[in-house]
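Engineer: Whatever this is, show me its structure:
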Amino acid sequence: MRAESWFYVGENDVFPETFLKFLGFEGRIEEAFLAKHGEILEAGWWRALQERLAAGDLVEVLPYHPHRVRVASSY
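Structural biologist: Numbering: from 1, shown residues only. Here you go, the predicted structure:
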């Protein structure tokens with residue numbers, strides 16, 4: 001094995017497997033995140049998303065589940 005990397009890593013390359021380390025979650029917060037969103041740490045999930053986008057699928061990402069959004073009434 002070489003001491004240096006033997007594969008190319010581009011400036012815009014992202015490694016989803018390393019997200020959790022940089023998010024800094026610990027304990028119960030980490031467990032909750034993994035239970036709800038653990039799939040985003042897998043490269044396959046991102047590849048599938050890229051395929052959907054390339055096929056023209058418009059992916060809407062909402063900050064909250066629709067049932068949690070309250071429509072503001074006029075004041």
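
Engineer: Give me the distance from stretch 17-32 to the chain's centre.
Structural biologist: 12 Å (C-alpha atoms, centre = their mean, to the nearest Å).

Engineer: now stretch 22-38
Structural biologist: Distance of stretch 22-38 from the chain centroid (C-alpha atoms, centre = their mean) equals 12 Å.

Engineer: ok, for the spatially most central residue of the chain, nearest residue in space, not its chain neighbours?
Structural biologist: Taking C-alpha atoms, centre = their mean, the centroid of the chain lies closest to I40, which sits 3.8 Å from it. The spatial neighbour of I40 that comes closest, neighbours along the chain excluded (C-beta to C-beta, 6 or more residues apart in numbering), is P16 at 6.4 Å. Yep, even glycine has a C-beta here, placed from its N, CA and C like the rest.

Engineer: what's that neighbour in contact with, if anything?
Structural biologist: By C-beta atoms under 8 Å, 6 or more residues apart in numbering, the contact set of P16 is 40-43, 45-46.

Engineer: if I look at it, how far off is A3?
Structural biologist: Taking C-beta to C-beta, to the nearest Å as the measure, P16 and A3 are separated by 26 Å.
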